[in-house]
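In: Predicted model, plus sequence, below.
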Amino acid sequence: MGLVKEFKEFALKGNMIELAIAVVIGAAFGKIITSFVDNILMPPLGLLVGKHDLSDYFITLSGGHYDTLAQAKAAGAATLNYGLFINAIIYFLIIALAIFLAVRQINAMARKPDTRTCPECLSPIPLGARRCKFCTSAITPSASPA
């Protein structure tokens, strides 16, 4: 019975629940990115490179000519699918950019300010300053922003 109790405590800890929520949100975010790339980004990009879907760019390794990747796969041909690889790279770059922007914003919100505003001239001054370097007003040092 101790093992069940121990597992229950582990599974119901805040970090475990937060991780589960993050996985679900991450999966939903992945679907949004996939839809964006497939339905919004790739059609104009494919139009620019020759009026084709990039996922149909492939090289047949076993000989023969096929107009689409689906035809080549149906025929059992070995293919090098570089168009699908390009799509995967685009997915990765968009997701990496979105995560970078989110983490950057979270870090900016968590960062403690190292300056405060001078009450006389409204210039930024260090937290521990006793005199404003811009207007030379005497200021009481502070450990928190004004």
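Out: The structure has been received and is ready for your questions.

In: Please make it C-alpha for all contacts and neighbour counts, starting now.
Out: Fine.

In: How about the contacts made by the residue most central in space within the chain?
Out: Among the residues of the chain, the smallest C-alpha distance to the mean C-alpha position (C-alpha atoms, centre = their mean) belongs to Ile99, namely 2.0 Å. In this structure, Ile99 makes contact with no residue, judged by C-alpha atoms under 8 Å, 6 or more residues apart in numbering.

In: cool, Glu120 as well?
Out: When the contact criterion is C-alpha under 8 Å, 6+ apart, the partners of Glu120 are Cys135, Ser137.

In: on that earlier part again, ok, and for the strand or helix carrying the residue nearest to the centre of the chain, which residues are buried?
Out: When elements are defined using DSSP states H and E, Ile99 is found to belong to helix 82-110. Counting neighbours by 16 or more other C-alpha atoms under 10 Å, one finds that the buried residues in helix 82-110 are Gly83, Leu84, Asn87, Ile90, Tyr91, Ile95.

In: try stretch 63-83
Out: Judged by neighbour count (16+ other C-alpha under 10 Å), stretch 63-83 contains these buried residues: Leu69, Ala72, Ala77, Thr79, Asn81, Gly83.

In: helix, strand or coil for Ser62?
Out: Going by DSSP: H, G, I helix; E, B strand; the rest coil, the secondary structure assigned to Ser62 is coil.

In: ok, it touching Leu80?
Out: No: counting by C-alpha atoms under 8 Å, Leu80 is not a contact partner of Ser62; they are 10.1 Å apart.

In: Farthest-apart pair in the buried residues of stretch 63-83, please.
Out: Spanning the widest gap among those are Ala77 and Gly83, at 16.3 Å by C-alpha to C-alpha.

In: Present the buried residues of stretch 63-83 as JSON lines; the columns should include pLDDT and distance to Leu41.
Out: Output for those, formatted as JSON lines (pLDDT from 0 to 100; distance: C-alpha to C-alpha, whole Å):
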{"residue": "Leu69", "pLDDT": "89", "distance to Leu41": "20"}
{"residue": "Ala72", "pLDDT": "92", "distance to Leu41": "25"}
{"residue": "Ala77", "pLDDT": "93", "distance to Leu41": "29"}
{"residue": "Thr79", "pLDDT": "94", "distance to Leu41": "25"}
{"residue": "Asn81", "pLDDT": "94", "distance to Leu41": "19"}
{"residue": "Gly83", "pLDDT": "88", "distance to Leu41": "14"}
